[in-house]
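>>> how would this look folded up:
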Amino acid sequence: MASSEAVLTEEERQSGVILADIGGGTTDIAVFKDGSIWHTAVIPVAGYQFTRDIAIGLGLPFDVAEEMKRKHASVMAVYEGEAATKRISQNGHGPSYQDLSDVVKARVEELLRLIMLELPRAEQKATVPAGLVLTGGSSNLPGIDTLGRQLLKIPVRVGAPTSIYGIAENLHDPAYATGVGLVVWGAKQRTNPDVKPQSFAIGLRHLITKFRSLFQ
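Now for the predicted structure:
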């Protein structure tokens, strides 16, 4: 909900869109339709699994794999010229850019397919004509939107809080979508005279009670 405040347009919410927040340990999914949430899900594949695959696939310590992912990883193939054999030098390790790309691309393709499995296959394009918006820190992988469009055959973009006036330049990053979205949501409540702090607190307690009853 918070990320959607920062990265989705009202047109996307109305027409139908999937928002996938790729975090550290999970990818949180919300499907919006007619301005409201139509479906939610959590997939246990995200940044941690990307790093783990790099560590295992390339025989690297986890911290080295994490640094390589942040600095050099891309999901686009590197098959032309010298780039295919060019190697990365990191803490005494030297895998090729191509090997790193292949490992990350395989895991990202799996995640993209899992996201789309949350929708009935026959109704995918009709339900979400605005396509898929990726956000969260792990959506910063270069080429992830291009790969998504090629693989899923729907519109795919990376969502960052770039159209919000007054935030610092370094917050125009998918990694800060949730934090910025919370601030935007809070500002809307403060400027809405119909929303009182007391009624919000009552509503929140009611929501928590409902969730507890579900798990009980």
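>>> show me the contacts for the closest residue to residue 160 other than its chain neighbours.
In space, and not counting its chain neighbours, residue 160 is closest to residue 174: 4.8 Å by Cβ to Cβ, 6 or more residues apart in numbering. No exception for glycine: its C-beta is placed from N, CA and C like everyone else's. Listed by Cβ atoms under 8 Å, 6 or more residues apart in numbering, the contact set of residue 174 reads 7, 134, 135, 136, 137, 139, 140, 158, 159, 160.
>>> Mind giving me the ChimeraX command for buried ones among those?
Burial among the contacts of residue 174 is assessed by 16 or more other Cβ atoms under 10 Å; the matching ChimeraX selection reads:
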select :7,134,135,136,137,139,140,158,159,160
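>>> Kindly reformat the contacts of residue 174 as a markdown table containing distance to residue 89.
Converted to a markdown table, the contacts of residue 174 look like this (distance: Cβ to Cβ, whole Å):
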| residue | distance to residue 89 |
| --- | --- |
| 7 | 35 |
| 134 | 30 |
| 135 | 32 |
| 136 | 29 |
| 137 | 25 |
| 139 | 27 |
| 140 | 22 |
| 158 | 28 |
| 159 | 33 |
| 160 | 30 |
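>>> Pick the one among the contacts of residue 174 closest to residue 86.
Top of the list for closeness to residue 86, among these and by Cβ to Cβ, is residue 140 at 21.4 Å.
>>> Any regions of this structure where pLDDT drops low?
77-85, 90-91, 121-122, 163-168, 190-216 (pLDDT under 70).
>>> how near is residue 114 to residue 152?
Counting by Cβ to Cβ, to the nearest Å, the gap from residue 114 to residue 152 is 12 Å.
>>> Please apply the same query to residue 30.
17 Å.
>>> Now do the residue nearest to residue 72 when sequence neighbours are not counted: how many residues are near it, please.
Leaving aside its chain neighbours, residue 72 sits nearest to residue 88 (5.3 Å; criterion: Cβ to Cβ, 6+ apart). Neighbour count for residue 88, taken as other Cβ atoms under 10 Å: 16.
>>> Ramachandran coordinates for residue 88?
Per-residue torsions, residue 88: phi -100, psi 130 (degrees, to the nearest 10).
>>> Confirm for me that it is in contact with residue 68.
Yes - the pair residue 88 / residue 68 is scored as a contact, 6.2 Å apart, by Cβ atoms under 8 Å.
>>> Spell out which residues are contacts of both of the two.
When contacts are counted by Cβ under 8 Å, 6+ apart, the set common to residue 88 and residue 68 consists of 95, 100.
>>> Which one's more surrounded, residue 114 and residue 152?
Applying other Cβ under 10 Å to residue 114 and residue 152 shows that residue 152 carries more neighbours, namely 19 against 16.
>>> show me where the protein has strands.
17-22, 27-33, 36-43, 132-135, 156-158 (DSSP state E).
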